[in-house]
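Participant: Kindly return the folded structure for what I paste below:
(one chain, ligands or ions: 1)
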Amino acid sequence: MTIRFVTSNEGKVREASEYLTEPVEQVNYDYTEIQSDDLGDIAAHGAREAFAHLGGEAPVLVDDAGLFCDAFDGFPGPYSAYVQDTVGVGGVRELVATADDDRARFRTVLAYYDGDEVVTFDGAVQGRIVDPRGDGGFGYDPIFEHDGQTLAEMSTAEKNAISHRGRALAKFADWLAAEPAERKGPR
Ligand SMILES: O=c1nc[nH]c2c1ncn2[C@H]1C[C@H](O)[C@@H](COP(=O)(O)OP(=O)(O)OP(=O)(O)O)O1
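Facilitator: Coordinates of the predicted model:
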């Protein structure tokens with residue numbers, strides 16, 4: 001069955017479409033992002049609300065992601081979209097350059113809901129905040145370096161192989177492939 005990926009972010013859809021065998025359709029619906037430190041809570045709440053609002057039978061998928069900088073105890077974390085829109089990716093790079101710790105981690109939680117129960121899948125990748133390099137990807141990809149390459153210097157497949165979203169998609173794909181009776185959540 002087609003999975004309705006509820007997001008305004010085409011980059012997320014590109015990565016999910018490349019990973020999953022099921023067809024993925026992008027649906028633009030601005031679900032409420034609840035205020036929480038927990039990406040899983042935000043994504044699960046969004047998936048329930050989107051499914052109820054959109055109607056129909058097809059399952060929905062919501063992805064809530066964030067960049068967590070060690071120097072600032074995880075900032076911007078769940079507020080990464082707001083921070084990208086305000087201080088910008090360059091602003092985050094400058095901010096981290098003022099600290100003596102450039103380590104960061106990208107995290108994402110996928111929430112899948114088919115009207116039965118919400119199931120969540122998380123993924124994380126470790127990296128460093130660097131001066132921007134590369135034209136691929138989206139968002140913070142140019143300033144997030146993993147193993148010597150920024151995420152923006154990688155192809156979609158290369159990014160999926162190591163990224164937060166790729167790891168979450170791998171868990172999700174395994175779960176989807178399992179017999180429904182064996183499915184259990186959350187992950
Ligand atoms: O793989 C990624 N590589 C680089 N940057 C990324 C990635 N994944 C999310 N991002 C950015 C986009 C946004 O600034 C924030 C997450 O915000 P987040 O609310 O999850 O996404 P969003 O507002 O772009 O789209 P939507 O909520 O419609 O799915 O981190």
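
Participant: of all of the chain, which residue lies closest to the ligand?
Facilitator: Nearest residue of the chain to the ligand, counting by CB to the nearest ligand atom: Gly139, 2.5 Å away. Yep, even glycine has a C-beta here, placed from its N, CA and C like the rest.

Participant: While we're on the residue lying closest to His53 once chain neighbours are set aside, how confident is the model there?
Facilitator: Nearest non-adjacent residue to His53, counting by CB to CB, 6 or more residues apart in numbering: Tyr29, 6.3 Å away. Note on Tyr29: pLDDT of 96.

Participant: hang on, Tyr29 packs against Gly55?
Facilitator: No - Tyr29 is beyond contact range of Gly55, at 11.1 Å (criterion: CB atoms under 8 Å).

Participant: between the two, who's got more neighbours?
Facilitator: Tyr29 (16 against 7; other CB atoms under 10 Å).

Participant: if I pick that one, what's in contact with it?
Facilitator: Neighbour list for Tyr29: Val6, Ala50, His53, Leu54 [criterion: CB atoms under 8 Å, 6 or more residues apart in numbering].

Participant: and the third one, that one's in a helix?
Facilitator: Yes - the assignment for His53 is a helix, going by DSSP: H, G, I helix; E, B strand; the rest coil.

Participant: Relative to Ala47, how far out is it?
Facilitator: 11 Å (CB to CB, to the nearest Å).

Participant: can you list residues touching both of these two?
Facilitator: Tyr31.

Participant: Give me the three-state assignment for Arg14.
Facilitator: Applying three-state DSSP: Arg14 is helix.

Participant: Write out the residues of the chain neighbouring the ligand.
Facilitator: 7-9, 12, 63-66, 80-81, 84, 137-141, 151, 163, 165 (CB under 6 Å from any ligand atom).

Participant: cutoff 5 Å now
Facilitator: Thr7, Ser8, Asn9, Asp64, Ala65, Ser80, Ala81, Gln84, Gly139, Tyr140, Asp141 (CB under 5 Å from any ligand atom).
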